[in-house]
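Novice: below are the sequence and a predicted model; questions follow.
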Amino acid sequence: MAVKKRSIWKKLLRFFLFTLGFFVLLLAGLAVYLYIVARMHPPEIADKSSLQWKRSQVDSTAFTLNNSWFRKSRSGLYEMYIEGKPFERGVVYGKLAEELVQRQEDHFTEQIGKMIPSKAYQHFLKYLIGWFNRHMDENVPEEYKEEIYGVSFAASSQYEFIGSNYQRIMNYHAAHDIGHALQSMALVGCTSFATWNDRSEDSSLIIGRNFDFYVGDKFAEEKIVAFYKPDKGYRFMFITWAGFTGVVSGMNEQGLTVTINAAKSSMPSGSATPVSLVAREILQYAKNIDEAYAIARKRKMFVSESFLIGSANDNRAAIIEKTPEELALYDPKDNEISCANHFQSKTLGASAPNKEQLDESASPYRYKRLQELLQRNGKNSVTKTIAILRDQKGLNDADIGMGNEKALNQLIAHHSVVFEPKQLKVWVSTAPWQLGEFVAYDLKKVFAMNGLQTDHEICDSALTVPADSFLQTADYRKFVDFRALKAAVMDKQAVDVERLVADNPAYYHAYVLAGDYLYRQKDYSKAKQYYQQALTKEIATKAEKDHVLKRIADCDKKI
């Protein structure tokens, strides 16, 4: 009998070992497969002589290379002028801003590490994103592949464990897309609007936008105002960060502007053309709304997006709404237009994902607040536009706390910008967020420059809009302290929750943070009190309200 039992156990052990071995081989094979399919091959470049070019240092923050140049202005913004063929443009960009390209990747990976602290999960995501983006470069125009490849030579070798320089820089161009596809990462939530004819003081087309793409404070510290003279297409400017050649906010010499706003997306099964590169193509090659629409129609995207297009030639603005399957043009047939993070056209506005966005996100509230301010202000102007972009209040001027996602100014903006397309003028915000000065640039003057002139600023100081007076208030100092305490809570450090709430008493999230902190301390009674207080404030999203209600129920079970 004992011999029979041993025989059965041996068979079970062999079966277990066989099964285990099978799964180990399967996982190893899957890892090899993911590594192979995730590899992205750079384009073939016949002439790589530009890699031997050297930049010349003009002063401590200024460099030139041929006719291109790069420098830090007194405003704190970096300014860059690039010209030439695609690969050469990328190489020159990388050589001029090499230190910033490498620091920007440091900041990006550091923030992702904070958002996803598990090394094992980071490793898994590396292959997952690589597999997800495996066909991305097949959907990117050759011109932009060559330019990105040129930039990639400036990237640091320390991140090669993530992927090759080319693969990483290419994938970073889809960060906006991945960020809003994975809604829980809360990377994006932008607002834009335009007025013209009788809705503007001088009848001019005026466009304003907040780009609320948050990947940590360090990521937004070194903004670049880039001016491009490509060998093909129109000259243009855009606001960017080092290593990124896509466009999220920009204007070309024809007075055509592009700004992008994320919309609700279903989880995509694979990548296509990054939104920023569709916007880049529009900016470089379109002179009116019809041409912008034609470019958007021919590109396949893997997330949903709104492109607010302003056009001096049309003297109006419209919104191109695009999903992976459909395309629509939203034109209100009025002299103003507004855009948050939901669709407005008849077709896409009625879609299931968009209805979910309207029901569960902060987008409709923010949109209503924008309408309220536009109607109250009467005929619009550049200064009124900037005041709207800086607004922190809720509907009917309610105090909803500093940093609320329902506010137009969420105090997280990477940048804020205002365009006057007819005059080819643009105002770009300086730190912090959109609270610093708005520096003005005249594209006619910038593109007429003959090389870098270090003895004067290229911005138009006479048109600069002063910093927000909020920066001088006690509330601003309290908000800075609140953010530091919030970071400490997120890092699971010890904090004074009473001080946390006192810094930002109208903000629901202050109470949620206090509740979460005490919940981790197993002080369920006090945690519940803070969660209940949060419910009396203006909560931004359904998901956050659901979190509070669940925690209250959990506290009741544990008290």
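Specialist: Alright, I've got the coordinates.
Novice: what's stretch 278-294 in contact with?
Specialist: Stretch 278-294 is contacted by residues 141, 144, 228, 230, 232-234, 236, 238, 245-248, 250-252, 254, 256, 258, 260, 295-296, 299, 301, 305, 307, 309, 311, 313-314, 316-318, 320, 322, 327, 329 when judged by Cβ atoms under 8 Å, 6 or more residues apart in numbering. From N, CA and C alone the C-beta is placed, and that goes for glycine too.
Novice: give me the three-state assignment for residue 227.
Specialist: strand (DSSP: H, G, I helix; E, B strand; the rest coil).
Novice: cool, residue 308 as well?
Specialist: Secondary structure of residue 308, per three-state DSSP, is strand.
Novice: number the residues from 37 up from this point.
Specialist: Happy to do that; since the first residue is 37 now, the last one works out to residue 344.
Novice: could you check how far residue 474 is from residue 189?
Specialist: Distance from residue 474 to residue 189, counting by Cβ to Cβ, to the nearest Å: 34 Å.
Novice: higher neighbour count, the two?
Specialist: Using other Cβ atoms under 10 Å, the more surrounded residue of residue 474 and residue 189 is residue 474, with 26 against 19.
Novice: who does the more buried one bridge with?
Specialist: Beta-bridge partners of residue 474, counted by DSSP bridges, are residue 465, residue 501.
Novice: how close does it sit to residue 531?
Specialist: For residue 474 relative to residue 531 (Cβ to Cβ), the value is 35 Å.
Novice: so where's the chain uncertain?
Specialist: 37-75, 148-149, 151-170, 212, 214-224, 302-306, 490-491 (pLDDT under 70).
Novice: center of it, which residue is that?
Specialist: The centre of the chain sits closest to residue 249, judged by Cα atoms, centre = their mean, with a distance of 3.2 Å.
Novice: and residue 196, how many neighbours?
Specialist: Neighbour tally, residue 196, other Cβ under 10 Å: 12.
Novice: could you pull out the strands for the stretch 337-486 of the chain?
Specialist: Ranges of strands in the stretch 337-486 of the chain, per DSSP state E, counting those that start in this stretch, are 341-347, 352-358, 363-366, 372-375, 451-456, 461-465, 474-478.
Novice: just name the most buried of these.
Specialist: Mean neighbour count (mean count of other Cβ atoms under 10 Å) peaks for strand 451-456 among the strands of the stretch 337-486 of the chain, with a mean of 28.
Novice: partners of it, with directions?
Specialist: Here, using DSSP bridges, strand 451-456 pairs with strand 242-247 (antiparallel), strand 461-465 (antiparallel).
Novice: residue 485 against residue 479, yeah?
Specialist: No: taking Cβ atoms under 8 Å as the definition, residue 485 is not a contact partner of residue 479, at 10.8 Å.
Novice: more crowded one of those two?
Specialist: Neighbours per residue (other Cβ under 10 Å) separate residue 485 from residue 479, with residue 479 holding more: 21 against 12.
Novice: got the contact list for the more buried one?
Specialist: Residues near residue 479 by Cβ under 8 Å, 6+ apart: 263, 271, 273, 287, 289, 460-462.
Novice: if I look at residue 147, how far off is residue 374?
Specialist: Distance from residue 147 to residue 374, by Cβ to Cβ: 30 Å.
Novice: report the secondary structure state of residue 150.
Specialist: Going by three-state DSSP: residue 150 is helix.
Novice: contact partners for it?
Specialist: Neighbours of residue 150 in contact, by Cβ under 8 Å, 6+ apart: 252, 526-527.
Novice: now do stretch 349-357: everything it contacts.
Specialist: With Cβ under 8 Å, 6+ apart as the test, stretch 349-357 has contacts from 230, 232-233, 241, 243, 290-293, 299, 323-325, 328-329, 332, 340-347, 363-367, 371, 373, 375, 379-381, 384, 458.
Novice: just to check, residue 298 is in contact with residue 341?
Specialist: Yes: counting by Cβ under 8 Å, residue 341 is a contact partner of residue 298 at 6.2 Å.
Novice: now do the helix or strand hosting residue 315 against strand 352-358, angle only.
Specialist: In the assignment (DSSP states H and E), residue 315 maps to helix 311-321. Helix 311-321 runs at 140 degrees relative to strand 352-358, counting by axes from the mean of the first three to the mean of the last three Cα atoms, to 10 degrees.
Novice: buried ones in the next helix or strand after helix 311-321?
Specialist: Downstream of helix 311-321, the first helix or strand assigned by DSSP H and E is helix 325-334. Within helix 325-334, the residues that qualify as buried are 325, 327-329, 331-332, counting by 16 or more other Cβ atoms under 10 Å.
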